[in-house]
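Peer 1: Predicted structure and sequence below. I'll ask about it afterward.
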Amino acid sequence: MCGRYALHAHPDVVALQFGLVAAPEFKSRFNIAPTQEAPVIRLGAGQKRELALLHWGLIPAWSKDPSMGARMINARAETMSEKPAFRNAYRRRRCLVPADGYYEWKVERGRKQPYYLHAAGAELLAMAGLWEHWRSPEGQFVESYAIVTTAATGVAKEIHDRMPVVLAPPDYEAWLSGPDPGALLGSRASVTFSARRVSTRVNSPRFDDVQCIEDAV
């Protein structure tokens, strides 16, 4: 799965990699947690790519309770086209979730040790995502997203059996607007991951600073 991640790349880098017209405004994040807002790239007016701040934890449009989103942070690539919570978003509302890396936990010596996984070449990751809009009877409006996961490979598999689907730049358009993006959902070979043990500081969403990605002592 993917339960925490980081995005601290310069906005100019994000704009260049994702083909945005202008550099977006967002602050560096080192411990993005479920139920928080974070940037995603989606198609906006005129089918142009835009960066939007969405709530992490997809709330299905038919849900009566927005708290359902806290359980919908990940969508399994193998089943999301069939699951009621995700299938409409999969057909119509796909997005890219920029990240410098993500965290995963592995049981070591009886406790969960966090690891930070990132591209070995330090390049920015584009995690596949789905987004949805929800409105309450009282008019509350929330846009939310989930990160698509698949079976882990390589270094990631040594830590957890799931990992985010990471897309290569040539595949961005097919994921955002293609009629059948299913071929993109396997583990991507375009990124070689590195992993390192980091401080348990990341366990708490109260901490969101560069110390979260520093090596464990």
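Peer 2: Structure's in. What do you need?
Peer 1: was I right about Ala75 contacting Ala146?
Peer 2: Yes. Contact criterion CB atoms under 8 Å: Ala75 and Ala146 qualify, at 4.5 Å. Where you see a C-beta, it was placed from the backbone N, CA and C, and this is true even at glycine.
Peer 1: higher neighbour count, these two?
Peer 2: More crowded of Ala75 and Ala146, by other CB atoms under 10 Å: Ala146, with 30 against 25.
Peer 1: can I assume the more buried one is in contact with Arg93?
Peer 2: No. The pair Ala146 / Arg93 is not scored as a contact, 10.7 Å apart, by CB under 8 Å.
Peer 1: Show me the helices in the chain, by range?
Peer 2: With DSSP state H as the criterion, the chain has helices at 11-18, 87-92, 154-157, 172-177.
Peer 1: so can I have JSON lines of these showing distance to Ala70 and mean neighbour count?
Peer 2: Putting the helices of the chain into JSON lines (distance: least, CB to CB, whole Å; neighbours: other CB atoms under 10 Å) gives the following:
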{"stretch": "helix 11-18", "distance to Ala70": "26", "mean neighbour count": "16"}
{"stretch": "helix 87-92", "distance to Ala70": "17", "mean neighbour count": "16"}
{"stretch": "helix 154-157", "distance to Ala70": "24", "mean neighbour count": "16"}
{"stretch": "helix 172-177", "distance to Ala70": "25", "mean neighbour count": "16"}
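Peer 1: Make a markdown table out of those and add mean pLDDT and distance to Gly129.
Peer 2: Listed next are those as a markdown table, based on pLDDT from 0 to 100; distance: least, CB to CB, whole Å:
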| stretch | mean pLDDT | distance to Gly129 |
| --- | --- | --- |
| helix 11-18 | 95 | 13 |
| helix 87-92 | 95 | 9 |
| helix 154-157 | 93 | 18 |
| helix 172-177 | 95 | 9 |
